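Engineer: what's the 3D shape of this:
(chains A, B, C and D)
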Protein chains: 2
Amino acid sequence: MAANSRLTIAVHALTWIALAQRRGQEWLTSEQVAASVNTNAVIIRRSLGDLRRAGLVEVRHGAGAGWSMARAPEDITLLQVYDAVEREPLFAMHRTEPNLECPIGRGIRPVLGVVYEQADQSLRRELGRTSIADVLRDCL
Amino acid sequence: MAANSRLTIAVHALTWIALAQRRGQEWLTSEQVAASVNTNAVIIRRSLGDLRRAGLVEVRHGAGAGWSMARAPEDITLLQVYDAVEREPLFAMHRTEPNLECPIGRGIRPVLGVVYEQADQSLRRELGRTSIADVLRDCL
DNA sequence: CTGGATGTAACATACATTGTTACAGGCAAG
DNA sequence: CTTGCCTGTAACAATGTATGTTACATCCAG
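Structural biologist: Next up is the predicted model:
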């Protein structure tokens, strides 16, 4: 797969906002977050936009604008972040429909669907075990 | 992620070869496999080539050439297939090094590395539970 | 030898990811 | 109610990956 870094970017941004807030800085701009992640501010706005739609962060407009946690870092798991930023499934099926004349071509998609579903759930269970607060603690 | 279908294609090919052998056809050409998967024969040769390097199938050249299982379908798990065909990790780190002046920028990569490793292992455990024989049985 | 099939290079196409610039729109502060 | 800063998003470029396709050298059972 062309592994992407969305989860990494989003978790980094969240953890940095959590640390800043603990230090008394309530609102961070996308520029400030981008400086820590070392990327373009638009990338951060896109990522935090996903997190906002998932209810994990809040945004404030106008002068003194910026981003803030919508929940305590203890109450945000990497699974929630994953769901917020990731669209594609882990494994894709055939791009073209397999040959339905063949028993395997007919049967394989539902069979693999079940296996992929179990694999996905076990991955998600694992991501659900770690919170942003855990990441922040281990970073320091 | 740009989810790819390599695991799907490889499992389909293997399962089809396993069924053909059960029906008495020892060697299958890439054309014959491609006909069931409904793709180009070169795609199949590339996929089966990966499986051959992993010791899961055998190839025969010359006249009457083709592919055959190197082990019983019961002894090939989807995890082995996954390892044979998949190169990229599940989650990528930052493409550019994060800002090391920032505590999060310094600490986040090893922390995420551990989390991603656990997620990967739990995914692999799940894939290890299903064999090609299981897939074949459920296809019929 | 010969014919059929593999192994692989080379190339085309489509699409995802990331980065970049530009700009309309929102809003707190004065 | 204007000003200035920042968000939200479109548009585009650059790069990389996945898949498909053609072509051809190589291999080997018969």
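
Engineer: where do the helices sit along chain A?
Structural biologist: Under the criterion DSSP state H, chain A carries helices at the ranges A:6-22, A:30-37, A:41-53, A:78-85, A:103-127, A:132-139.

Engineer: Need the winner for burial among those helices.
Structural biologist: Most buried of the helices of chain A by mean neighbour count (mean count of other CB atoms under 10 Å in any protein chain shown) is helix A:6-22; its value is a mean of 24. For glycine as for every other residue, the C-beta is placed from the backbone atoms N, C-alpha and C.

Engineer: which helices and strands does that helix pack with?
Structural biologist: Contacts defined by 3 or more CB pairs under 8 Å, 6 or more residues apart in numbering or on different chains; DSSP states H and E place helix A:6-22 against helix A:30-37, helix A:41-53, strand A:66-69, helix A:78-85, helix A:132-139, helix B:103-127.

Engineer: Of the helices of chain A, give the one that comes closest to DNA strand C.
Structural biologist: Closest to DNA strand C of those, according to CB to the nearest atom of the strand: helix A:41-53, at 3.6 Å.

Engineer: Check the gap between residue A:133 and residue A:16 for me.
Structural biologist: Here residue A:133 is placed at a distance of 13 Å from residue A:16 (CB to CB, to the nearest Å).

Engineer: next one: residue A:44
Structural biologist: Using CB to CB, we find residue A:44 at a distance of 10 Å from residue A:16.

Engineer: Then residue A:104?
Structural biologist: Separation of residue A:104 from residue A:16 (CB to CB) stands at 49 Å.

Engineer: for residue A:131, same thing?
Structural biologist: Per CB to CB, residue A:131 is found 15 Å from residue A:16.

Engineer: check contacts around residue A:126.
Structural biologist: For residue A:126, the contacting residues are B:115, B:118, B:119, B:122, by CB atoms under 8 Å, 6 or more residues apart in numbering or on different chains.
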